[in-house]
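Peer 1: Turn this into a model:
(4 chains)
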There are 2 protein chains.
Amino acid sequence: MGKQKVTFDDIAKYTNFSKTTISRYFNNPDSLTIKNQEIIAQALIDLDYKENKVAKILANGKTEFVGIIIPNLYLHYYSAILNQLLASYETFGYKFLVFAGNNNEAVERRYIQELLAYNIEGMIVLSHTIPSKELASYGIPVVTIERESNYTCSVDTDNYMGGVQATSLLYKTGCEILFHLNVDVPVFVPSYGRIRGFLDICREQQIPHELLLRELGDTYEENRQAIQKTVDEIERKHPGKRKGIFLANDTYANILLNYLFQLHGGLPDDYRIIGFDNSPISSEAVIPTSTVGQQIDKIAFTAMELLVEQMNERKKRRPTPFAGPIHKVITPVLLERETTRREK
Amino acid sequence: MGKQKVTFDDIAKYTNFSKTTISRYFNNPDSLTIKNQEIIAQALIDLDYKENKVAKILANGKTEFVGIIIPNLYLHYYSAILNQLLASYETFGYKFLVFAGNNNEAVERRYIQELLAYNIEGMIVLSHTIPSKELASYGIPVVTIERESNYTCSVDTDNYMGGVQATSLLYKTGCEILFHLNVDVPVFVPSYGRIRGFLDICREQQIPHELLLRELGDTYEENRQAIQKTVDEIERKHPGKRKGIFLANDTYANILLNYLFQLHGGLPDDYRIIGFDNSPISSEAVIPTSTVGQQIDKIAFTAMELLVEQMNERKKRRPTPFAGPIHKVITPVLLERETTRREK
DNA sequence: TTGTAAGCGTTATCAA
DNA sequence: TTGATAACGCTTACAA
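Peer 2: Residues are numbered from 1 along each chain as shown, chains lettered A, B, ... in the order given. Alright, predicted model coming up:
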């Protein structure tokens, strides 16, 4: 096994060209004669050349690295986004340096410093801890996904539309009273739109409704207890009425569904349920659960498009940065399943 | 904002030291006087120096990059492993370049080339497509997780032990006949151990049993249909008998559980069920499902330890590579939940 | 179409 | 304890 790495110098000597010509073979092959291209191609094989991108980066400053700061990979939503971001390598060629920050602001700030030390060309941020103002101040292109983004480009699901779709569906299936169960989301977070969508439709259609913003806890077990308590309340206050419940996500919806199954051995006829996210649990639940699906693939692809656009702009001789941050919005998709059966 | 990057040269001029001394400040500060350290420290602040790891890498050859090849991030198991691998940054300091290969051999081979071009110091491979012999031939340290590993170091769950635990539990809960539902796993894949564990315990205890190796399909819907069909068979062949079913993973177990709920409005008393993986669905199922939990954190950490050991060895002046690949095995944890209630 | 030579920002070697 | 100088492997004017 040839231990030493083969460099352009070796190829140059072997072929009697200069280093420059070898470099050109890779970056601008048309500027060589076909014959010489073939000679070099053969030399690469003979010498078993392996490219060295680190040297290339140092020389031309382009790392083709994109940093990703994501809260964690336990929530399916985040893994799914990451999966699609990684897949964009095939389209854009950028490599990803990934850090999971677990909602620790100081830690995430450290990760960003590390990323900057590697001359990343841009950054995609899904975690919520660091304000967009600070993210913008690092001087590299940034795209945030589904979080506060006053100072950065962003891609979000159209949460308002999602809220409207979910609420309208419940209404159409003949519910007499509607509920939206959520935590107390800050108004500047995109997902607050779900609440606005719910309220707007209820008011527009003049349907009796209740907005239930509760502390639901951080673990599955806490979620379960809080949701069960809330369901007990609802059941006590509105017996017999046909109830439509829109939950902030599919995990919550599943907890509700399981609880009703435990109480009644099935989904009682006076309940309609819809979740949000189209996460696997919504299909795998004891009854396939209606939900609002985020178009994860589009979100990820759009984020990369937006980032690439900014990164390309920076490489121009006379860069014209965007006037202000661009915000893109991706429409969600309503998925009607068995928990919102319409009247027969 | 100072556009130009500050380099050691700038600091050297500013402090009247040489570049070398500045470098020493970072890599061997004790070789400078305290006073001079302070002078340089102050200069770094005054000039707002940011380190450049690319230049450092080029000069010393150490990228601190580890490549990860993972099949996808849709399966919770893979995301959970990746999450823990990323978390090991805090311990080992290695950064991760992540590629999802989606079981495409040619694509994964391309990804590996790209990783090698960045001078990664080592690689962790979870995907199954490329034979370990080839992985070993790339000449960098490799650790594989839960896959064929004849020529590479590896970390696997003790699948045999898991099979034994699951089967024993079913036996202890008073089942009269035991089943193991799985796909036709190749013998050289670690998870084949689950089948061996099942068979060994059944034979040892002389329990009636059936090994059901079926084509279960690639999608959730296909899984569902195949499993329902299998359950129908079992029910037909063994009515009334107390049946213990050990399924290859929690998704399968959940499908079975949901089907029984649909048929009987609950888990019939003559069924005991256990899955594998301790994935979220096992807790979130309509009834919390017993399962064998893989110790994901330990698996990931052990993999990194094993990799770091190899990478450190390579950096020595006179490296002593391991005589042969080292294989580590992590014990799984039995989680008894409601689908294996013991006799009252 | 090809070559020369000066970088890119560090680290490593030797010498002082 | 410090400094000069040569790598590291490639790109990029500028020349030919």
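Peer 1: Relative to DNA strand D, how far out is whatever residue of the stretch 101-250 of chain A ends up closest to chain B?
Peer 2: Closest approach between the stretch 101-250 of chain A and chain B, counting by Cβ to the nearest Cβ: A:Ala117, at 4.5 Å. Heads up, the C-betas are built off the backbone N, CA and C, glycines and all. Using Cβ to the nearest atom of the strand, to the nearest Å, A:Ala117 is found at 16 Å from DNA strand D.
Peer 1: so how many other residues sit close to that residue?
Peer 2: 15 (other Cβ atoms under 10 Å in any protein chain shown).
Peer 1: Isn't it up against B:Ala55?
Peer 2: No: contact criterion Cβ atoms under 8 Å: A:Ala117 and B:Ala55 do not qualify, at 10.1 Å.
Peer 1: give me every residue that touches the residue nearest the centre of chain A.
Peer 2: Nearest to the geometric centre of chain A sits A:Ile81, at 3.9 Å (Cα atoms, centre = their mean). Going by Cβ atoms under 8 Å, 6 or more residues apart in numbering or on different chains, A:Ile81 touches A:Ile70, A:Leu126, A:Ile145, A:Ile296, A:Ile299, A:Ala300.
Peer 1: Restricted to helices, list those residues.
Peer 2: When DSSP state H defines the helices, the subset of these inside them is A:Ile296, A:Ile299, A:Ala300.
Peer 1: So the first one sits against A:Ala80, correct?
Peer 2: It stands for A:Ile296. Yes: here A:Ile296 reaches A:Ala80: they are 4.7 Å apart, a contact under Cβ under 8 Å.
Peer 1: Between those two, tell me which one has more neighbours.
Peer 2: Just comparing A:Ile296 and A:Ala80: by other Cβ under 10 Å the higher neighbour count belongs to A:Ala80, 24 against 21.
Peer 1: Tell me which helix or strand the more buried one sits in.
Peer 2: helix A:76-87 (DSSP states H and E).
Peer 1: got the angle for that helix vs helix B:76-87?
Peer 2: Relative orientation of helix A:76-87 versus helix B:76-87 (axes from the mean of the first three to the mean of the last three Cα atoms, to 10 degrees): 80 degrees.
Peer 1: what's downstream of helix A:76-87, the next helix or strand?
Peer 2: Criterion used, DSSP H and E; the element after helix A:76-87 is helix A:89-92.
Peer 1: So for stretch A:85-100, what gets flagged as buried?
Peer 2: A:Leu85, A:Leu86, A:Ala87, A:Ser88, A:Tyr89, A:Tyr94, A:Lys95, A:Phe96, A:Leu97, A:Val98, A:Phe99, A:Ala100 (16 or more other Cβ atoms under 10 Å in any protein chain shown).
Peer 1: cool, stretch A:260-278 as well?
Peer 2: So, applying 16+ other Cβ under 10 Å, buried residues of stretch A:260-278: A:Leu260, A:Phe261, A:Leu267, A:Tyr271, A:Arg272, A:Ile273, A:Ile274, A:Gly275, A:Phe276, A:Asp277, A:Asn278.
Peer 1: Between the two ends of that stretch, how far is it?
Peer 2: End-to-end span of stretch A:260-278 (Cα to Cα, to the nearest Å): 20 Å.
Peer 1: same deal with stretch A:276-292?
Peer 2: This stretch, stretch A:276-292, spans 5 Å end to end (Cα to Cα).
Peer 1: show me what contacts A:Ile145?
Peer 2: A:Ile81, A:Ile124, A:Val125, A:Leu126, A:Ser154, A:Val155, A:Asp156, A:Ile299, A:Ala300, A:Ala303.
Peer 1: 7 Å - rerun?
Peer 2: Contact analysis of A:Ile145 by Cβ atoms under 7 Å, 6 or more residues apart in numbering or on different chains lists A:Ile81, A:Ile124, A:Leu126, A:Ser154, A:Val155, A:Ile299, A:Ala303.
Peer 1: Narrow these to those that are buried.
Peer 2: For the contacts of A:Ile145, buried by 16+ other Cβ under 10 Å: A:Ile81, A:Ile124, A:Leu126, A:Ser154, A:Val155, A:Ile299, A:Ala303.
Peer 1: How is the fifth one assigned, secondary-structure-wise?
Peer 2: Meaning A:Val155. Three-state call for A:Val155 (DSSP: H, G, I helix; E, B strand; the rest coil): strand.
Peer 1: Tell me if I'm right that it and A:Ala303 touch.
Peer 2: Yes: using Cβ atoms under 7 Å, A:Val155 makes contact with A:Ala303 at a distance of 4.5 Å.
Peer 1: how much space between the closest residue to A:Glu64 other than its chain neighbours and chain B?
Peer 2: In space, and not counting its chain neighbours, A:Glu64 is closest to A:Tyr94: 5.4 Å by Cβ to Cβ, 6 or more residues apart in numbering or on different chains. According to Cβ to the nearest Cβ, to the nearest Å, A:Tyr94 and chain B sit 11 Å apart.
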